[in-house]
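Visitor: Got a predicted model here, sequence first, then my questions.
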Amino acid sequence: MAPTDPLWTRNAVAGLDRLLRDHAHCEMKAASNALSLSTRCVEHPVVVDELVAIAEEELAHFRLVLAELRRRGFVLGAPEEDWYAAELRRRSSRTRVRHDLASFVLTDRMVVAAFIEARSCERFKLLRDALCDRDPTLATFYGDLLASEARHHRTFLDLAAIVSGDEHHVAERRQVVAAIEADVVRSLSHQPTMHG
Ligand SMILES: [Fe+2]
Ligand SMILES: [Fe+2]
């Protein structure tokens, strides 16, 4: 994975109010994405169960971030656009060979979700390390959350294999999406948002 520019970490640490607000919304979006995917995977009960479990966990994360925001006297506010996630979806969809097969679309949505989880995990790690002297409470907070996102990354790849039924196809899409993700990350403007 292409590493995040160190400028992002500096900006994020300097803009914790905006970062935490955006982070709370990211957790809510992750929960709602997992639920929306679950309604399209009814042929695979195992996948539905996993997605609902992820949604519950993301919602619990949302509550934790919201509590952290309030403890600091910040309010949630309206969500910002997540250009990174939108662009990743857009560009990945352009490279999809078939749009008519639901399993191809679902596989891609799982693979893209896996990359978003991996990127979030990388950023939580950067925040944990950057905050350990300045804000140990928040450093621990991010240290605790990153294990879940690493697990979600692996789960989404497993789910992609189930809905696709073709490991080779999943491996191919992972390669394509990885290249797109690296490119999208290089175009970011290092805003103090979770995927900025
Ligand atoms: Fe989460
Ligand atoms: Fe997650």
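Guide: That came through fine. Ligands and ions are numbered 1, 2, ... in the order given.
Visitor: all contacts plus neighbour counts: C-alpha atoms, from now on.
Guide: Will do.
Visitor: who's in contact with Leu16?
Guide: Residues counted as contacts of Leu16 (CA atoms under 8 Å, 6 or more residues apart in numbering) are Pro192.
Visitor: How much space separates it from His169?
Guide: Taking CA to CA, to the nearest Å as the measure, Leu16 falls 40 Å from His169.
Visitor: Tell me where the protein has strands.
Guide: Taking DSSP state E, the chain contains no strands at all.
Visitor: In contact with Asp166: list those residues for me.
Guide: Counting by CA under 8 Å, 6+ apart, Asp166 makes contact with nothing.
Visitor: Please read off the pLDDT at it from the model.
Guide: The predicted local confidence for Asp166 comes out at a pLDDT of 93.
Visitor: before we move on, what about Arg174?
Guide: 97.
Visitor: what's the answer for Phe104, then?
Guide: Reading off the confidence values, Phe104 has pLDDT 88.
Visitor: number of nearby residues for it?
Guide: Here the neighbour count serves as a burial measure; for Phe104 (other CA atoms under 10 Å) it reads 20.
Visitor: residues touching it, list them.
Guide: With contacts defined as CA under 8 Å, 6+ apart, the neighbours of Phe104 are 96, 98, 164.
Visitor: what about the chain, any weak spots by pLDDT?
Guide: Counting by pLDDT under 70, the chain contains low-confidence residues at 100.
Visitor: switch the cut-off to 50
Guide: For the chain, no stretch has pLDDT under 50.
Visitor: where along it do the helices fall?
Guide: If DSSP state H is used as the criterion, the helices of the chain fall at 6-14, 16-38, 45-71, 83-94, 102-131, 136-164, 167-186.
Visitor: okay, the angle between the fifth one and helix 6-14?
Guide: In this case it means helix 102-131. When axes from the mean of the first three to the mean of the last three CA atoms, to 10 degrees is applied, the directions of helix 102-131 and helix 6-14 differ by 70 degrees.
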